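> Compute the structure for the input listed below.
(one chain, ligands or ions: 1)
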Amino acid sequence: MPKSPRPASFFPSMGSHEPTLRVMPQVADANIHGDVFGGWIMAQVDIAGSIPATRRAGGRVATVAVNAFTFRQPVFVGYLLSFYATIVKTGNTSLTVAVEVYAQRQRMEAEVVKVTEATLTYVATDDNRKPRPLPPE
Ligand SMILES: CC(C)(COP(=O)(O)OP(=O)(O)OC[C@H]1O[C@@H](n2cnc3c(N)ncnc32)[C@H](O)[C@@H]1OP(=O)(O)O)[C@@H](O)C(=O)NCCC(=O)NCCS
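Residues are numbered from 1 along each chain as shown. This is a model prediction of the structure:
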């Protein structure tokens, strides 16, 4: 098994956690200059955030709000993006998730930069798409 170019602990705020999601943007995800569309990144962030939300909710969730979203650095085709999603707050039916996105710019190099951070709120929903209380932990 080839060694990872950089231990996960390199990601400053994530300790040794594994990413929730990893994905590499392709040509179709970018404009003619190779800049990845912000909307594509937002979609991936929403998917990453929904993963711990769905697990904690024990079933389906709906995104009710994007509370904050900051694009800190540009993202280009071919970057390896790692998404780290952490539940930061729970309510009766809702969960708020912080998502941080790090980019490895060159596949064989260790340099990693934080490119995006966001906070989203999800609501646990029932079969009728109505809010339902979160199950006990
Ligand atoms: C999500 C949805 C089911 C919530 O239904 P609702 O009747 O508005 O729910 P409520 O007003 O009872 O609020 C439910 C929870 O969401 C929270 N909430 C509602 N709006 C919020 C907002 N703008 N920001 C943060 N939290 C919010 C409430 O505080 C409540 O949390 P709590 O139960 O933990 O106290 C409904 O709004 C919906 O279906 N929205 C569309 C979802 C969707 O399609 N998402 C994808 C968009 S592409």
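> so how many other residues sit close to the residue lying closest to G58 once chain neighbours are set aside?
Of all residues beyond its chain neighbours, the one nearest G58 is P135 (4.7 Å), with distances taken as C-beta to C-beta, 6 or more residues apart in numbering. Where C-beta positions appear, they are placed from N, C-alpha and C, glycine not excepted. Using other C-beta atoms under 10 Å, P135 has 10 other residues around it.
> P135 belongs to a helix?
No: going by DSSP: H, G, I helix; E, B strand; the rest coil, the assignment for P135 is coil, not a helix.
> If you count contacts, what does the host helix or strand of I41 end up packed against?
Assigned by DSSP states H and E, I41 belongs to helix 38-57. Here helix 38-57 touches strand 21-23, strand 61-71, strand 80-90, strand 94-104, strand 112-124, going by 3 or more C-beta pairs under 8 Å, 6 or more residues apart in numbering; DSSP states H and E.
> The residue of the chain found nearest the ligand: neighbouring residues, count only.
Relative to the ligand, the nearest point of the chain is G91 (2.2 Å; C-beta to the nearest ligand atom). Using other C-beta under 10 Å, G91 has 13 other residues around it.
> From T63, how far out is the residue lying closest to it once chain neighbours are set aside?
Closest residue to G91 apart from its sequence neighbours, by C-beta to C-beta, 6+ apart: L134 at 7.8 Å. Separation of L134 from T63 (C-beta to C-beta, to the nearest Å) stands at 16 Å.
> So which of those two has more stuff around it?
Taking other C-beta under 10 Å, L134 and T63 do not tie; L134 has more neighbours (20 against 15).
> any idea how far the more buried one is from N67?
Counting by C-beta to C-beta - L134 and N67 are separated by 18 Å.
> Around the ligand, pick out the residues from the protein.
Residues of the chain found near the ligand (C-beta under 6 Å from any ligand atom) are 62-65, 91-94, 121, 123, 125, 129, 131.
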